[in-house]
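Colleague: Output the structure for:
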Amino acid sequence: MKKIIVPACLALILCGNATAADMHDEQHSGAYKTETLAKSSKAWDGSPLPEYLRGTPEVAVLKITIAPGQQLPMHKHPVINAGVILSGELTVFTEDNKTLHLKPGEALIELVGKWHYGKNEGKVPVEIVVFYASVVGKELAIGK
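Modeller: Next up is the predicted model:
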């Protein structure tokens, strides 16, 4: 954890009065680089994200691994979340036949309140890190 916090703090100190928005998609004298992977008020299918939930904020970061040829069960998320594919390729299918294919390094802003599932159609495990913006006591996913 210290390996992440120290460079991040150093980067903020080096930036002086720079805001987080100033740091996106920029190279800074070779010291560090920032790149926006995803930023939107809409999910990947174009539907608007809901307002944030009221309550005590809780952020969860999960690493999900899906074996080759396997799929997640049909589910939906009651909270806003986004993920980044670390390895493998993932195809996401919605109940109303929309699909999204993701490769390593690609990010997605997940569907909220819509039934869907992800499938690894490749020959290597899919690893995805997912960030959830929730409140204490709220489920991150609900199975069908």
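Colleague: wait, what's in contact with Glu58?
Modeller: Neighbouring residues of Glu58 by Cβ atoms under 8 Å, 6 or more residues apart in numbering: 134-136, 138. All C-beta spots, glycine's among them, are computed from the backbone N, C-alpha and C.
Colleague: Show me how this structure divides into domains.
Modeller: Listed domain ranges for the chain are 2-34, 57-143 (source: automatic domain parsing).
Colleague: Of the contacts of Glu58, which is the most crowded?
Modeller: Of all the contacts of Glu58, Ser134 has the most neighbours under the rule other Cβ atoms under 10 Å, reaching 21 neighbours.
Colleague: measure that one to Gly83 for me?
Modeller: Ser134 is 14 Å from Gly83, where distance means Cβ to Cβ, to the nearest Å.
Colleague: Repeat that for Lys138.
Modeller: 18 Å.
Colleague: In stretch 128-144, which of the residues would be classed as buried?
Modeller: Using 16 or more other Cβ atoms under 10 Å as the test for burial, stretch 128-144 gives 128, 130, 132, 134, 141.
Colleague: ranges for the helices of the chain?
Modeller: According to DSSP state H, the chain carries its helices in the segments 2-15, 20-23.
Colleague: And these, which one averages the lowest pLDDT?
Modeller: Of all the helices of the chain, mean pLDDT reaches its minimum on helix 2-15 (a mean of 38).
Colleague: out of everything not next to it in sequence, what's closest to the spatially most central residue of the chain?
Modeller: For the chain, the residue nearest the mean C-alpha position is Gly83 (1.9 Å; Cα atoms, centre = their mean). Closest residue to Gly83 apart from its sequence neighbours, by Cβ to Cβ, 6 or more residues apart in numbering: Val130 at 3.9 Å.
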